[in-house]
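Colleague: this one's structure only:
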């Protein structure tokens, strides 16, 4: 069976700076793959090429069976791209943002779609307010909600939780897991190791322009010497303390 | 694809119009400056200016409208720049929509909002003595010239918005355009100007546009001016449109 995403020997330079030096990547349908790498590793460049926003210098890339260079319109009809920074309209309300995208995707009953997504993302109360009044977490949830309209089979999430507080981060994780549960293919980039560990079926590490390792978490663990048993007193992480102290507020 | 382009453009036009109606200050700033000039020239400088006319407000009106449009289009560059900066531009460009609609939504919004400010300015003019005996056809011709002028300057604004690196840069291009009517026949007859200034004034686009509109509103024969005016507007429009498309392609690939 063909993969939802196939990347072969992808290269891209900005002037003299060679960002991608032959990237190979396969993503199975319905799986979550995390592209892990430090800042400037080229994760965003990969996503932008797959999202038809950038043309590769060499190599091929296909999404949902369509070549990103030869059939960009078909690729765009198959995907949703959520960029590194929430791409929402600040002047419109949350509901209007959703209706806007629904109309552009020519989805039937845009108003009903918007109401449904607002409820699903805990934004019903905020739906009538301009987005400029939203917190970072609310913007991100709206951003992701906008990406789900029209049920695209493949979703790219570029650093979906960067800059979010721990609670908002957990909200976003929950959404991503639900997506993959519904059969959507998700390629997400992240610089957080725990995020990749928590969400991804497979992890690919992008380093200095190539994928240096790729596999399931178990396979990646297998690359290291076998685990030794050590006794370590387990202190709660700061995140656990934070969440326990502030309590999980369900609606903000 | 054409039906998509129409649907997408109208959806994006609706969005952009909301931006205008929710920031009424932009319409007010765009309208207040030309109205201030109108009052200034009518009640302060006007008495000392020999324009060879018994109704100086009529004489002023075309130039004031051009100033309003020249400053109004700068908001198009600003809005487009903001779209690119906050990522929504990329969202649109990664969606299955007609790509041209992303620009046309802004351009049509500019026509609508400048149309509104033109109506407000003409309304103010009526209060302080602007009168025209022009018929429907002449008014249609005036509207057409102003629309073409707006379209030409709006594509310049799109070009500025696409290529600017700061929000100020995206709107600063309009300052010289706002200044252009002052060195034209908009406020005083060009015959009063010294040689080189006069040569510039008589051969820059604003003079032919102002003279054509003035003649239409006064039921005078327009002569060849209107063709020069239309040629300027169409020429600027085509060149700016072509350059804007090149800048757009560069931005999205």
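Modeller: That came through fine. Just so it is clear, the structure is predicted and the values come from calculations on it, not from any experiment.

Colleague: C-alpha from now on. contacts and neighbour counts both.
Modeller: Noted.

Colleague: the residue lying closest to residue B:64 once chain neighbours are set aside sits in which helix or strand?
Modeller: Among residues not flanking residue B:64 along the chain, residue B:34 sits closest, at 5.7 Å (CA to CA, 6 or more residues apart in numbering or on different chains). Assessed by DSSP states H and E, residue B:34 sits inside helix B:24-40.

Colleague: equivalent analysis for residue A:3, please.
Modeller: Under the criterion of DSSP H and E, residue A:3 resides outside all helices and strands.

Colleague: can you check residue A:107 too?
Modeller: For residue A:107, there is no helix or strand it lies in under DSSP H and E.

Colleague: hang on, isn't residue A:57 packed against residue A:14?
Modeller: No. Look at residue A:57 against residue A:14 with CA atoms under 8 Å: they stay out of range, at 9.8 Å.

Colleague: out of those two, which sits in the busier spot?
Modeller: Neighbour count, other CA atoms under 10 Å in any protein chain shown: between residue A:57 and residue A:14, residue A:57 has more, with 12 against 9.

Colleague: now do residue B:44, the pLDDT please.
Modeller: Looking at residue B:44, its pLDDT is 86.

Colleague: and it, how many neighbours?
Modeller: Neighbours of residue B:44 under the rule other CA under 10 Å: 12.

Colleague: from chain A, how far off is it?
Modeller: Distance, residue B:44 to chain A, using CA to the nearest CA, to the nearest Å: 40 Å.

Colleague: for that residue, phi and psi?
Modeller: Taking degrees, to the nearest 10, you get phi -110, psi -60 for the backbone angles of residue B:44.

Colleague: show the model's pLDDT score for the closest residue to chain B within the stretch 101-250 of chain A.
Modeller: With CA to the nearest CA, the shortest gap between the stretch 101-250 of chain A and chain B falls at residue A:104, namely 5.8 Å. Predicted confidence (pLDDT) for residue A:104: 93.

Colleague: and for residue A:93?
Modeller: 94.

Colleague: would you map the helices across the chain?
Modeller: Answering for chain A, as no chain was given. A:43-50, A:72-78, A:94-104, A:110-120, A:136-148, A:166-181, A:193-199, A:217-222, A:238-246 (DSSP state H).

Colleague: that was the other one, I meant chain B.
Modeller: Under DSSP H, chain B gives helices at B:2-22, B:24-40, B:56-72, B:74-85, B:88-93, B:100-127, B:136-163, B:167-172, B:174-179, B:195-203, B:205-217, B:225-252.

Colleague: reformat those helices as TSV; add mean neighbour count, distance to residue A:123 and mean pLDDT.
Modeller: Shown next, in TSV, are the helices of chain B (neighbours: other CA atoms under 10 Å in any protein chain shown; distance: least, CA to CA, whole Å; pLDDT from 0 to 100):
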stretch	mean neighbour count	distance to residue A:123	mean pLDDT
helix B:2-22	18	21	88
helix B:24-40	17	27	85
helix B:56-72	25	36	90
helix B:74-85	23	23	89
helix B:88-93	21	20	89
helix B:100-127	19	27	91
helix B:136-163	22	33	92
helix B:167-172	19	31	81
helix B:174-179	16	40	85
helix B:195-203	15	58	88
helix B:205-217	25	51	90
helix B:225-252	17	32	90
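
Colleague: out of the ones you listed, which gets nearest to residue A:155?
Modeller: Residue A:155 sits nearest to helix B:88-93 of all the helices of chain B, at 12.4 Å, using CA to CA.

Colleague: and the contacts of that closest one?
Modeller: The contact list for helix B:88-93 (CA atoms under 8 Å, 6 or more residues apart in numbering or on different chains) reads A:53, A:81, A:82, A:83, A:87, A:88, A:89, B:83, B:84, B:99, B:102, B:252.
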